[in-house]
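> Give the three-dimensional model of this entry:
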Amino acid sequence: MSGILVIGATGNVGRQVVVRLVTTGAAVRALAREPESAGLPEGAEVVGGDLTRPDTLERALAGSDTVFLIWPFLTTEDAPAVLEATARHAHRIVYLSSSGVNDDAERQTDPINQLHADMERLIEASGLEWTFLRSNTLASNALGWAEQIRATHVVRGPDMAATAVIHERDVAAVAVHALTDAGHEGRKHVLTGPQVLGRAEQVHMIGDAIGHPTRFEEVPVAVARQRMLADGRPPALVEALLASADTRPESQLITSTVEEITGAPARTFRSWAEEHVQRFR
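Residues are numbered from 1 along each chain as shown. This is a model prediction of the structure:
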């Protein structure tokens, strides 16, 4: 059986992809910088490697016919070398992209969507068979509010345009089908949740789940920048996140792609909040 390599296996989506692949009986290999602390399920082979050092990827790629890729950086600097190494071993790649990518735009609305558009172009030129999962805002992003909610039940930060937030398990479920089934080659699957929500609505739903009123308080971008930098976040990440908050347009887009591919409707954000109650109490 040809192997599947998951790059980004210790993140919120990648971990779910590994778990689901193991349950299907697939030969799963997971890339991790620190394999001994990856905490991935039994049945997955965890192999060390670093995307910033493409020469360290050979062991993980050897015998891997298919690759699931989450790109964790804000630039594509190392991507050509990583894709070149991938193409020497695999023939198929599934890439987690963004639903904000606009094929008709010369430049994307913000740095994060631009990164995904640039990555898609590099992958298309790599010679690999590809599938792009253009995901909407991940529900797991809300875990970044956990400390504030536990301490004050108020989330303070820049607002962001409402979108159809998607459960990371639904993204992972689609990814497993794209990795193991035929017919996804050359497809750009746009994945959304079932309801368009702003940050205030998400925070309110988390409050309902934990049984305590919780609210969102918008903070000016300049103030948010100071706080984020004071928290030790890398300046490039801060600017990318704030650019998204400042320029990303609201999207009313809701797709049925999750249900069409997996056979189950996309989960709601409310159900996600109920699953993660202990993280917010």
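> Model confidence at the nearest residue to residue 212 once chain neighbours are set aside, what's the number?
Excluding the flanking residues, the one nearest residue 212 by C-beta to C-beta, 6 or more residues apart in numbering is residue 153, at 5.6 Å. To be clear about C-beta, it is placed using only N, CA and C from the backbone, and glycine gets the same treatment. Reading off the confidence values, residue 153 has pLDDT 97.
> residue contacts, residue 153?
Counting by C-beta atoms under 8 Å, 6 or more residues apart in numbering, residue 153 touches 207, 212-215.
> With distance to residue 97 and neighbour count added, can I get these in TSV?
TSV is the format used below for the contacts of residue 153 (distance: C-beta to C-beta, whole Å; neighbours: other C-beta atoms under 10 Å):
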residue	distance to residue 97	neighbour count
207	32	19
212	36	12
213	36	10
214	31	22
215	32	14
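> Out of those, name the two that are farthest from one another.
The widest separation within the contacts of residue 153, taken as C-beta to C-beta, falls between 212 and 215 and amounts to 10.6 Å.
> Which residue lies nearest the spatial centre of the protein?
Averaging the C-alpha coordinates of the chain gives a centre point, and the residue nearest to it by C-alpha atoms, centre = their mean is residue 13 (5.7 Å).
> Surely that one touches residue 138?
Yes. Using C-beta atoms under 8 Å, residue 13 is in contact with residue 138, at 6.9 Å.
> intersection of neighbour lists for the two?
Between them, residue 13 and residue 138 share the neighbouring residues 168, 171, with contact defined by C-beta under 8 Å, 6+ apart.
> which residues of the stretch 101-250 of the chain fall in helices?
Taking DSSP state H, counting those that start in this stretch as the criterion, the stretch 101-250 of the chain carries its helices at 111-124, 146-152, 168-180, 199-210, 221-230, 235-247.
> of all those, which lies closest to residue 26?
For residue 26, the closest of the helices of the stretch 101-250 of the chain is helix 168-180, at 6.3 Å, according to C-beta to C-beta.
> elements contacting the closest one?
In terms of contacts (3 or more C-beta pairs under 8 Å, 6 or more residues apart in numbering; DSSP states H and E), helix 168-180 is packed against helix 12-24, strand 64-69, strand 92-98, strand 129-135, strand 187-191, helix 257-262.
> which other residues reach that helix?
Contacts of helix 168-180 with the rest of the structure, by C-beta under 8 Å, 6+ apart, involve 4, 12-13, 16-17, 19-21, 24, 26, 66, 68, 92, 94, 96, 131, 133, 135, 138-140, 184, 187, 189, 191, 193, 257-258, 261-262, 264, 266-267.
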